[in-house]
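Novice: only geometry, no sequence info:
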């Protein structure tokens, strides 16, 4: 059962998570890569997992967010999650992203550099992108933000705000525009199923397809 939240409250929690992301990124760059370069990837993954756990613990106590991953899960919902993952891949990766790459070459260049960096550590990057990130982002964006705002402001307003907030978490312009559409699709899935786990499955499925078709091939490039 979601408790209603205000837009300001939701924004504060999203900004708090952005702060956490900045913290573990700086820790990776300034500490792990310098003192233990060979172990940096693993240490960063552990740091991310600990930060996520701490943030969720804070969100459930101070933010009064209660979630049950089994709530609302049905075979139909899981099937919809698979369909959403496939739709997002073909709509975004195969159609929209190539268009944006031509319009925003600077953002595309930075995006390719990110892919190259991820391909250098395929195991840890897979765990972070395909498992940890979907779990954390869906609990925050769909379970807490969309669910809470829906109680206070209605479904449409909550969907638009949560989708925009989700897009802003992706700092590259190519990713941001795609993430906005992704946020709408995942938001509709949550509203249709009432299951945050179905959203996690769809998000993870989409990320896995993208990972296998973009990150791994980048590893083979010179």
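Specialist: Arrived safely, thanks for sending. Worth saying up front: this structure is predicted, and the values here are computed from it rather than measured.

Novice: show me where pLDDT drops low in the chain?
Specialist: Within the chain, the segments meeting pLDDT under 70 span 1, 104-109, 111-115, 172-174, 218-222.

Novice: one more time with 50, if that's ok
Specialist: When residues are selected by pLDDT under 50, none of them lie in the chain.

Novice: so which residues of it form helices?
Specialist: In chain order, the chain shows helices spanning 7-27, 33-35, 40-61, 75-88, 97-103, 105-119, 122-127, 133-138, 147-153, 155-168, 173-193, 196-210, 216-219, with DSSP state H as the criterion.

Novice: how near is residue 41 to residue 25?
Specialist: Distance of residue 41 to residue 25, computed by Cβ to Cβ, to the nearest Å: 13 Å. Heads up, the C-betas are built off the backbone N, CA and C, glycines and all.

Novice: of the two, who's got more company?
Specialist: Relative neighbour count places residue 41 above the other of residue 41 and residue 25, with 20 against 13, counting by other Cβ atoms under 10 Å.

Novice: how much space between the more buried one and residue 81?
Specialist: If you go by Cβ to Cβ, the gap between residue 41 and residue 81 works out to 29 Å.

Novice: cool, and residue 129?
Specialist: 17 Å.

Novice: when these two are compared, which one has more neighbours?
Specialist: residue 81 (25 against 17).

Novice: tell me the contacts of the more buried one?
Specialist: 189, 198-199, 201-202, 205 (Cβ atoms under 8 Å, 6 or more residues apart in numbering).

Novice: 10 Å - rerun?
Specialist: The contact partners of residue 81, by Cβ atoms under 10 Å, 6 or more residues apart in numbering, come to 73, 186, 189, 193, 195, 197-206.
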